[in-house]
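# coords please:
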Amino acid sequence: MSEPLRFDEAYYRRFYRDPRTRIYDQRRHAKLVAGVVSLMEWFGVAPQDVLDVGAGLGWWGQWLRRHRKGVRVVSTELEREVCSKYGHTHADITTWRLPQTFDLVICQGVLPYLDAVGASAAIENLAAMSGTFLYLEAITADDMKDAIDAERTDLRVNLRPASWYRRRLAPHFREVGAGLYAARRAAIPLFALEAPRDVKR
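Residues are numbered from 1 along each chain as shown. I've put the predicted structure just below:
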């Protein structure tokens, strides 16, 4: 990548605000948040503490504060101006780790922007702070054939196979599906068809 990546207002305007270039709007995104939280609650976990890494416009936090009153949300971003505008903590997930765990850790659209060393370190930090569930979204090389709208997706990313992520997540999580992972430390009882049994890693 020739020029430094900026996650500033211009980035969010293009990929999140402008109807001509965005993938979805906040109303549609709210369905994702509601779905993740509802599934957690189905498994018996009502989120009280949430960490949103790379929070951007703060859509997760806005929904949670409106619909799950009392939830505590910690959010991070890389750009200081975005942090100042939306109330995020300025932090780099490749090196940043709090000494506490959260009921839900969110990492949406962050890891592909990192090189392999940074992404591996970020996964370790995410796992250390995931007390119960992780929601992870990361575009992979596997997605390029039929899951990506190249005109509306920022492709200045490192396209790794999905298996690369799964190998690094497996020691810490069981994959529930649709981007939701259950932390092994939480020992949440899951049926075999809800989360595959362990296979050789």
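# phi and psi next, for the residue nearest to the spatial centre of the chain.
In the chain, the centroid-proximal residue (CA atoms, centre = their mean) is residue 107; its distance is 1.8 Å. In terms of degrees, to the nearest 10, the main-chain angles of residue 107 are phi -140, psi 90.
# next, count neighbours for the nearest residue to it once chain neighbours are set aside.
Nearest residue to residue 107, sequence neighbours excluded (CB to CB, 6 or more residues apart in numbering): residue 53, at 4.7 Å. C-beta here means a position set from N, CA and C on the backbone, and glycine is covered the same way. Residue 53: 26 surrounding residues under other CB atoms under 10 Å.
# residues in contact with the residue nearest to the centre of the chain?
53-54, 93, 122, 126, 134-138 (CB atoms under 8 Å, 6 or more residues apart in numbering).
# go again using 7 Å as the cut-off
Residue 107 sits next to 53-54, 126, 134, 136 when contact means CB atoms under 7 Å, 6 or more residues apart in numbering.
# again, but for residue 61
Going by CB under 7 Å, 6+ apart, residue 61 touches 52, 55, 73, 75.
# wait, which of the residues you listed is closest to residue 21?
Minimum distance to residue 21 across the contacts of residue 61 is 20.6 Å, recorded for residue 55 (CB to CB).
# where does that closest one fall, phi/psi-wise?
Main-chain torsions, residue 55, degrees, to the nearest 10: phi -70, psi -20.
# equivalent analysis for residue 49, please.
Per degrees, to the nearest 10, the backbone of residue 49 is at phi -120, psi 120.
# would you confirm that it contacts residue 72?
Yes: counting by CB atoms under 7 Å, residue 72 is a contact partner of residue 49 at 5.1 Å.
# these two - which one has more neighbours?
Set residue 49 next to residue 72 and count neighbours by other CB under 10 Å: residue 49 wins out with 17 against 13.
# what distance do you get for the closest residue to that one other than its chain neighbours to residue 127?
Leaving aside its chain neighbours, residue 49 sits nearest to residue 102 (4.5 Å; criterion: CB to CB, 6+ apart). Distance from residue 102 to residue 127, counting by CB to CB, to the nearest Å: 12 Å.
# do the same with residue 187
Going from residue 187 to residue 127 by CB to CB gives 15 Å.
# in a strand, residue 40, correct?
No: counting by DSSP: H, G, I helix; E, B strand; the rest coil, residue 40 falls outside a strand, being helix.
# who's in contact with it?
Contacts of residue 40 (CB under 7 Å, 6+ apart): 47, 104, 133.
# repeat the analysis, applying 6 Å as the threshold.
By CB atoms under 6 Å, 6 or more residues apart in numbering, the residues touching residue 40 are 47, 133.
# what does the model give it for pLDDT?
Predicted confidence (pLDDT) for residue 40: 98.
# can you give me the helices for the chain?
Using DSSP state H, the helices found in the chain span residues 9-12, 26-42, 59-67, 80-86, 116-129, 162-169.
# Provide the partner residues of residue 108 in its beta bridges.
residue 137 (DSSP bridges).
# surely it and residue 137 touch.
Yes: taking contacts as CB atoms under 6 Å, residue 108 lies within contact range of residue 137: 4.4 Å.
# many thanks, we can stop here.
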